[in-house]
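Visitor: when you get a sec, could you give me coordinates for this:
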Amino acid sequence: MGQSITIVDYDAGNLRSVQRACQAVGLEAAITADPEEILKSDRVIFPGVGTAESAMVTLRARGIDQALTDFVQRGQPLLGICLGLQVLLDHTEEGDRSCLGLIPGRCHRFGFSDPSFKIPQIGWNAANRTSDHALLAAVPDGTEFYFVHSYYAVPDDEVHVLAETTYGDRTFASVIGRDNVFATQFHLEKSGRFGLALLSAFRHWEGG
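Guide: Down below sits the predicted model:
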């Protein structure tokens, strides 16, 4: 039997493009908002665009927050993308909201004195590895990926930072991970062949 792969639906958009990217690398992934289906999955992809504040309201209202926590505690692989990275942390400045707390840390809003650096950051930017990781093995260091975000992650422990990106005067964590959790601030599904390479590697990753 094939693996059961779930894309979490919490009204945060972009689900079909993530599903199409999965199909492009031979992954059959189902979209669901059902906590029980999430818990029964072998792997979970946790994408998202929009606001962390509304995302956390929806996750808690549907019981998905607890399902994701239980899934991760069971040791199953989870892949977060964009907003799905940010709400893995303890807290975000966006709406002053408590988040899932699966990786210790916080999200802060960009702020620049130089008006040439727009908020949100939209476009291609380099991810520079700070640590070796199985999912990054097929991606050259400094590869550019596609970003759309106004907030950035600050994990409490640098060991959870796997790659960094610089925008304006800010160098931030663009890939984070802890045990069986791996997450990117950039959009894998919009990042061409290397985004797809990361997604393809996720199908074989056992965590850790």
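Visitor: quickly note the distance from the nearest residue to Asp157 once chain neighbours are set aside to Val18.
Guide: Ranked by CB to CB, 6 or more residues apart in numbering and with sequence neighbours excluded, the top spatial neighbour of Asp157 is Pro104, at 6.5 Å. From N, CA and C alone the C-beta is placed, and that goes for glycine too. Plainly put, Pro104 is 26 Å away from Val18 if you go by CB to CB, to the nearest Å.
Visitor: out of these two, which sits in the busier spot?
Guide: Val18 (27 against 14; other CB atoms under 10 Å).
Visitor: list phi and psi for that one.
Guide: Main-chain dihedrals, Val18, degrees, to the nearest 10: phi -70, psi -40.
Visitor: and the pLDDT at it?
Guide: Val18 is assigned 95 on the pLDDT scale.
Visitor: ok, Met180 touching Leu78?
Guide: To be clear, residue 180 is Asn; Met isn't right here. Yes - contact criterion CB atoms under 8 Å: Asn180 and Leu78 qualify, at 6.4 Å.
Visitor: identify the contacts common to those two.
Guide: Common contacts of Asn180 and Leu78, defined by CB atoms under 8 Å, 6 or more residues apart in numbering, comprise Val72.
Visitor: between these two, which is the more surrounded one?
Guide: Leu78 (26 against 19).
Visitor: look up how far Gly123 lies from the more buried one.
Guide: 27 Å.
Visitor: name the helix or strand for the residue nearest to Gly177 when sequence neighbours are not counted, please.
Guide: Nearest residue to Gly177, sequence neighbours excluded (CB to CB, 6+ apart): Leu162, at 5.1 Å. Per DSSP states H and E, Leu162 falls inside strand 161-167.
Visitor: and the contacts of that strand?
Guide: Taking CB under 8 Å, 6+ apart as the rule, strand 161-167 contacts 110, 117, 121, 125-131, 133, 136, 147, 155, 171-177, 182, 185-186.
Visitor: can you list the low-confidence ranges for this structure?
Guide: 1-2 (pLDDT under 70).
Visitor: quick one: the strands in it?
Guide: All strands of the chain, identified by DSSP state E, fall at 5-8, 29-32, 43-46, 78-81, 91-92, 97-98, 105-109, 121-126, 128-129, 144-149, 151-155, 161-167, 170-178, 181-184.
Visitor: hmm, Asp156 and the residue nearest to Asp157 touching each other?
Guide: Yes - between Pro104 and Asp156 there is a contact at 4.1 Å, judged by CB under 8 Å.
Visitor: can you list residues touching both of these two?
Guide: Joint contacts of Pro104 and Asp156 (CB under 8 Å, 6+ apart) do not exist.
Visitor: in contact with Ile197, which residues?
Guide: No Ile there; residue 197 is Ala. Going by CB under 8 Å, 6+ apart, Ala197 touches 138-139.
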